[in-house]
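**Student:** After the sequence you'll find the predicted model.
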Amino acid sequence: MKNSIFFKIITLILNFIFYRILTDNLSSNIFGELIYLFSISLSISILSNLGSDTIVSKLHLKSKGDDFFNGNISYNDFHIITLIIATISSPIISIIYGITNIEQIFVIFFVSLTLTNARVFGSNFLSIKKYFFYYFFSIFGFLLFLVILTYFSSTLFNIFLISSILMNIFLGIINYKYKFIRIGIFKDLNKINIQKINLILSKTYTLIIILFLAASHELLSQYWLKYNFGYILSGQVAILFRIASLTVIGLAALNLTAYSSFNKTSNIFNNEYNEEYFKILKISLFISLPIIFGIFLSHKFILNWFNLPLNTEILLSLFILIIGQFFVVCMGPISMAMTQFNKQKVFSIFYIFGCCINVILLFSYSVISEFISMPPLVYSTISYSLCFFSINLIAFVYFFYNSKLKKI
């Protein structure tokens, strides 16, 4: 538990440093564009990795060997299928998010493939508790390469392309030691068939929906702001999300330990799991409260750090996001519990509902602003916080009410 929190804090600090460097090295408009393209690529990788955090963790924790789904799909099959899905979905999702420039579509294509490759590979480190490599391949490693490249190039295409190459080279070096991916994996492409892909999608589609929509809530705000008001506001909201994420640092880190705690033979939520759940909730609350107090005391320094203006719009937006994230912390590791105790289908429904509400609220801005005038940045953070909190609250009530009924 201590290691997961330690590495979560370290990676969060590094991400803060990376964002600071990016805002220093790039104009506000270019920074907003970079983060938007990166966010789309990240959402595609989350969609394409098919819930590998959960699937690969169960593979190791339950000692099933190098096989998934009763021996029908090996880890290498699984890895190839994720890359196939990333290849197919990348241009489609790019267009959905308003990207029509060929160069930008190509950037999203190779970055999403790189992130998918890295995230599926990195999920192997979760169950063996190598948290540094898990976080490195999840996101902050790619950000590190992006930051380095901004010192040598001001062209986004070159920055993204070379970062992708470096990330894959580093993955190959680490794989030489751990050997998670078999050498010559792509020679098995001809062995992948539609039946295998259908099998894996039938087993993982609920996780895909949950994880993709979880990433899309934040991306929707960026899209709406970029489409209506430009890349500057889109970049600002991305930074505010990063600052507010400090509030859930304890819960995010402890969710990693929940993989080991909840991924046991029993799929029934018993008293032992109940105690573990509320233990995680209490610790994450204990961590969140002083962090919120610290942000309150040092908000001017933090905003200056990211080169954000100290105006009412920025301050109010940050306050709304922090309150929303804190309420999520109050629900505890509900997303982990829902996905680990066979409640994925109903949880995916909650996420679809929340995403629809978020879309409706955002695209009703012109109507609502006639009655209640508010800046677009503030409005987008209200929409995000309301929807994300609602999803977690509904899931919390459903999960514990359902668990209580089973005990009667």
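**Tutor:** Nice, thanks for sending it over.
**Student:** Strands of the stretch 51-200 of the chain, residue ranges please.
**Tutor:** Assigned by DSSP state E, counting those that start in this stretch, the stretch 51-200 of the chain shows no strands.
**Student:** I'd say Ser48 and Ile93 touch.
**Tutor:** No - Ser48 lies out of contact with Ile93 (C-beta atoms under 8 Å); the separation is 9.8 Å. (Glycine included, C-beta is placed from N, CA and C.)
**Student:** Among those two, which residue is more densely surrounded?
**Tutor:** Ser48 (28 against 22; other C-beta atoms under 10 Å).
**Student:** gap between the nearest residue to the more buried one once chain neighbours are set aside and Trp305?
**Tutor:** Distance criterion C-beta to C-beta, 6 or more residues apart in numbering; nearest residue to Ser48, sequence neighbours excluded, is Ala86 at 3.8 Å. Separation of Ala86 from Trp305 (C-beta to C-beta, to the nearest Å): 34 Å.
**Student:** and those two? which has more neighbours close in?
**Tutor:** The neighbour count for Ala86 versus Trp305, taken as other C-beta under 10 Å, is higher for Ala86 (24 against 16).
**Student:** How about the contacts made by Val359?
**Tutor:** Leu220 (C-beta atoms under 8 Å, 6 or more residues apart in numbering).
**Student:** quick one: what helix or strand has it in it?
**Tutor:** Assigned by DSSP states H and E, Val359 belongs to helix 344-362.
**Student:** pretty sure Ser335 is touching Ala395, no?
**Tutor:** Yes - using C-beta under 8 Å, Ser335 makes contact with Ala395 at a distance of 7.2 Å.
**Student:** Mutual contacts of those two, please.
**Tutor:** If you check Ser335 and Ala395 against C-beta under 8 Å, 6+ apart, the residues they both contact are Phe347.
**Student:** average model confidence for stretch 15-27?
**Tutor:** Across stretch 15-27, pLDDT averages out at 90.
**Student:** List the buried residues of that stretch.
**Tutor:** Asn15, Phe16, Phe18, Tyr19, Ile21, Leu22, Thr23, Leu26 (16 or more other C-beta atoms under 10 Å).
**Student:** Kindly indicate which of those lies nearest Asn274.
**Tutor:** Closest to Asn274 out of these is Asn15 (33.2 Å), distances taken as C-beta to C-beta.
**Student:** Quick one: residues contacting the closest one.
**Tutor:** Counting by C-beta under 8 Å, 6+ apart, the residues that Asn15 touches are Ile139, Phe140, Leu143, Arg242.
**Student:** tell me which residues in the helix or strand where Ser298 lies are buried?
**Tutor:** Assigned by DSSP H and E, Ser298 falls within helix 271-305. Neighbour counts over helix 271-305 (16+ other C-beta under 10 Å) mark 273, 276-277, 279-281, 283-284, 287-288, 291-292, 295, 299, 302-303, 305 as buried.
**Student:** For Ser364, give me phi and psi.
**Tutor:** Main-chain torsions, Ser364, degrees, to the nearest 10: phi -100, psi 10.
**Student:** same deal with Thr155?
**Tutor:** Per degrees, to the nearest 10, the backbone of Thr155 is at phi -90, psi 120.
**Student:** swap in Asn49?
**Tutor:** Torsion angles, degrees, to the nearest 10, at Asn49: phi -80, psi 0.
**Student:** for it, what are its contacts?
**Tutor:** With C-beta under 8 Å, 6+ apart, Asn49 has these contacts: Thr82, Thr116, Arg119, Val120, Ser123, Leu211.
**Student:** which of the residues you listed lies closest to Ser380?
**Tutor:** Nearest to Ser380 among the contacts of Asn49, with distances taken as C-beta to C-beta, is Leu211, at 21.8 Å.
**Student:** Okay then, goodbye and thanks.
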